[in-house]
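> whatever this is, show me its structure:
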Amino acid sequence: MPLLIPRRLVARGDSLSFFDFKARIMPMAELPSLTAVERARYEWQMWLPHLGEVGQQKLKAASVLISRIGGVGGTVASYLAAAGIGKLVLAHGGKIQPSDLNRQLLMTTPRLGTLRVDSARERLGELNPHVEVVTLAEHVSEDNVVGLVAQADFIVDAAPRFGERFLLNRESVRQGKPMVECAMYEFDAQLTTFIPGQTGCLACLLPESPPHWKREFPVIGAVPGIVGAMAALEVIKLVTGCAAPLAGTMLWMSLATMDFQKVPLLRRKDCAVCGCAVGRN
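Residues are numbered from 1 along each chain as shown. Just a heads-up that it's a prediction; the model follows:
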């Protein structure tokens, strides 16, 4: 999965953050009530002082699109389902291969050769039958991106190809949907959250695909698992307002050395996707 900032561009020793984001709050009148079964299921997380029952209701009301449900995206989906998100929209083409199984925990050995999204739907249903799971056995493309983004309140980008990432970025900005961007390579990982109209976007950071990137990359499952769990927490922050997300800030992680740094991400006025001139012509 492609890193968004090469490690050589991260200043050692920096810990920078400039964006103070007040998390998006859903209108109280629209929040669904919790059943007794749901209260029992989520009791321990509702003890969090800034989450509580209202936060749990917001999770139940929320929908999230996840592009690719491999090592990163599958972990995001698992933790959001466990937390009680209302609806997951999962987009991932292809069938399960043996090389998936070292990191894609929604895929199983008995399901080798079957659709990835079918395995994911079954596994998530076993984890939490209260979550609606909608699947599309396709990667994000020009043909489906508008409809996919329209189905969700929040977007998680865990695609290994920059073309898919750029499509999601463009459409999330156009539809005003916050997008959690997560990436890893070897022992390195990166995480940020883009808020249309308030932060920059992926195109501010990377105007075009890096020419050196290849689809295959070295990966041990714990690394995408870590960044995927953190991305799920970013979504939970956005939905509930229980804490501030990484809006306007990139968290860079070297998991080989356990070195964590924050890097500010500035919005470019000349950005072709979110810049000031977009839509004026």
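> residues in contact with stretch 205-220?
Stretch 205-220 is contacted from outside by 1-2, 4-5, 71, 102-103, 160-163, 166, 184-187, 250, 265, 271-272, using Cβ atoms under 8 Å, 6 or more residues apart in numbering. Where you see a C-beta, it was placed from the backbone N, CA and C, and this is true even at glycine.
> what about that stretch, distance to the chain center?
18 Å (Cα atoms, centre = their mean, to the nearest Å).
> quick one: mean pLDDT over that stretch.
The pLDDT scores in stretch 205-220 average 79.
> check stretch 84-98 too.
The model assigns stretch 84-98 a mean pLDDT of 97.
> for stretch 133-150, same thing?
97.
> what about it, start to end distance?
End-to-end distance of stretch 133-150 (Cα to Cα, to the nearest Å): 15 Å.
> what bits of this protein have low per-residue confidence?
1-29, 213-215, 276-281 (pLDDT under 70).
> now with 50?
Along the chain, segments meeting pLDDT under 50 span 7-25, 280-281.
> show me what the residue most central in space within it is bridged to.
With distances taken as Cα atoms, centre = their mean, V156 lies nearest the centre of the chain, 2.5 Å away. On the basis of DSSP bridges, V156 is bridged to I66, V180.
> packing partners of the helix or strand containing E122?
In the assignment (DSSP states H and E), E122 maps to helix 116-127. Applying 3 or more Cβ pairs under 8 Å, 6 or more residues apart in numbering; DSSP states H and E, we find helix 116-127 packed against helix 71-83, strand 87-91, strand 132-136.
> tell me the gap between the first one and the middle of its chain.
Going back to what we said before, that points to helix 71-83. Distance, centroid of helix 71-83 to centroid of chain: 9 Å (Cα atoms, centre = their mean).
> are we agreed that D143 is in a strand?
No: remark: D143 does not belong to a strand; assigned using DSSP: H, G, I helix; E, B strand; the rest coil, it is coil.
> please report how far it lies from L48.
Counting by Cβ to Cβ, to the nearest Å, the gap from D143 to L48 is 41 Å.
> which one's more surrounded, those two?
L48 (14 against 8; other Cβ atoms under 10 Å).
> skip the chain neighbours and tell me the closest residue to that one.
Among residues not flanking L48 along the chain, C242 sits closest, at 6.3 Å (Cβ to Cβ, 6 or more residues apart in numbering).
> for that neighbour, phi and psi?
Geometry field for C242 lists phi and psi as phi -70, psi -20, criterion degrees, to the nearest 10.
> which residues touch it?
When the contact criterion is Cβ under 8 Å, 6+ apart, the partners of C242 are 23, 48, 50-51, 55, 236.
> most widely separated two among these?
Using Cβ to Cβ, the two most remote members of those are A23 and L48, lying 13.9 Å apart.
> give me the distance from stretch 124-133 to the chain's centre.
18 Å.
> regarding the protein, what is its longest helix?
Ranked by residue count under DSSP state H, the longest helix found in the chain is helix 222-240.
> which strands and helices sit next to the helix or strand that that helix is followed by?
Under the assignment DSSP H and E, the closest C-terminal helix or strand after helix 222-240 is strand 249-254. Secondary-structure packing of strand 249-254 (3+ Cβ pairs under 8 Å, 6+ apart): strand 188-194, helix 222-240, strand 259-264.
> repeat that for 7 Å
With contacts taken as 3 or more Cβ pairs under 7 Å, 6 or more residues apart in numbering; DSSP states H and E, strand 249-254 sits against strand 188-194, strand 259-264.
> thinking again about what came up before, can you add distance to M230 and give the contacts of C242 back as a markdown table?
What follows is the contacts of C242, written out as a markdown table (distance: Cβ to Cβ, whole Å):
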| residue | distance to M230 |
| --- | --- |
| A23 | 16 |
| L48 | 17 |
| H50 | 18 |
| L51 | 17 |
| G55 | 18 |
| I236 | 11 |
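> name the helices or strands packed onto the longest helix of the chain?
helix 52-61, helix 71-83, strand 154-157, strand 179-185, strand 188-194.
> if we go to 10 Å?
With contacts defined as 3 or more Cβ pairs under 10 Å, 6 or more residues apart in numbering; DSSP states H and E, helix 222-240 has these neighbours: helix 52-61, strand 63-67, helix 71-83, strand 154-157, strand 179-185, strand 188-194, strand 249-254.
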